[in-house]
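Novice: pasting the sequence and the predicted coordinates here, then a few questions.
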Amino acid sequence: MTASSSALQPYKTTPVFTEETLPEAIRNEHRTKAGTWGLLRVLQGQVTLIFIDPRREFVVTRDRPAQIPPEDTHFVQVKGPMQMQIEFYHEAPFGDASPTGRNIITSADIPSSHRMTGAASGATTA
């Protein structure tokens, strides 16, 4: 099975969060553990996914999910009604580049030379 395989399934999925129930841990700087990829899916409304180094901001919508590379420090900003959830994978759910015909924010959007690793600050999740 490859990362781009449609059979790739998350090993963990969060509950659906709203603007009222989104945990502070997700609203504040955090990162996934080594080897853990996140996929931020917005079910209703929109959120802004902000990576710290380099600082990059992405508007995430139902039609534009965002892939979160392992150990990249980030946080989610909410500015109105929304529903979202996060899926966790052991490999990149959509590979390192955005597949043709898909509108997905992937690790290709964040230069690898600027990804945080090792002892970088921020809490880890999943």
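Specialist: Arrived safely, thanks for sending. Numbers count the residues shown, from 1 in each chain.
Novice: touching, residue 27 and residue 78? I think so.
Specialist: Yes. Here residue 27 reaches residue 78: they are 7.3 Å apart, a contact under Cβ atoms under 8 Å. Where you see a C-beta, it was placed from the backbone N, CA and C, and this is true even at glycine.
Novice: what about these two, which has more around it?
Specialist: Counted by other Cβ atoms under 10 Å, residue 27 and residue 78 do not tie: residue 78 has more neighbours, with 18 against 13.
Novice: beta-bridge partners for the more buried one, please?
Specialist: Beta bridges link residue 78 to residue 47 when assigned by DSSP bridges.
Novice: show me what contacts it?
Specialist: By Cβ atoms under 8 Å, 6 or more residues apart in numbering, the residues touching residue 78 are 19, 22, 27, 47-48.
Novice: so residue 45 sits against residue 83, correct?
Specialist: Yes. With contact defined as Cβ under 8 Å, residue 45 reaches residue 83; the gap is 6.7 Å.
Novice: which residues in this structure form strands?
Specialist: Counting by DSSP state E, the chain has strands at residues 12-13, 17-18, 30-32, 37-44, 46-51, 56-61, 66-68, 74-78, 83-89, 123-125.
Novice: which one of the ones you listed has the lowest average pLDDT?
Specialist: In terms of average pLDDT, strand 123-125 trails the rest of those, at a mean of 49.
Novice: I'd like to know how many residues surround the closest residue to residue 77 other than its chain neighbours.
Specialist: In space, and not counting its chain neighbours, residue 77 is closest to residue 48: 4.2 Å by Cβ to Cβ, 6 or more residues apart in numbering. By the criterion of other Cβ under 10 Å, residue 48 has 14 neighbours.
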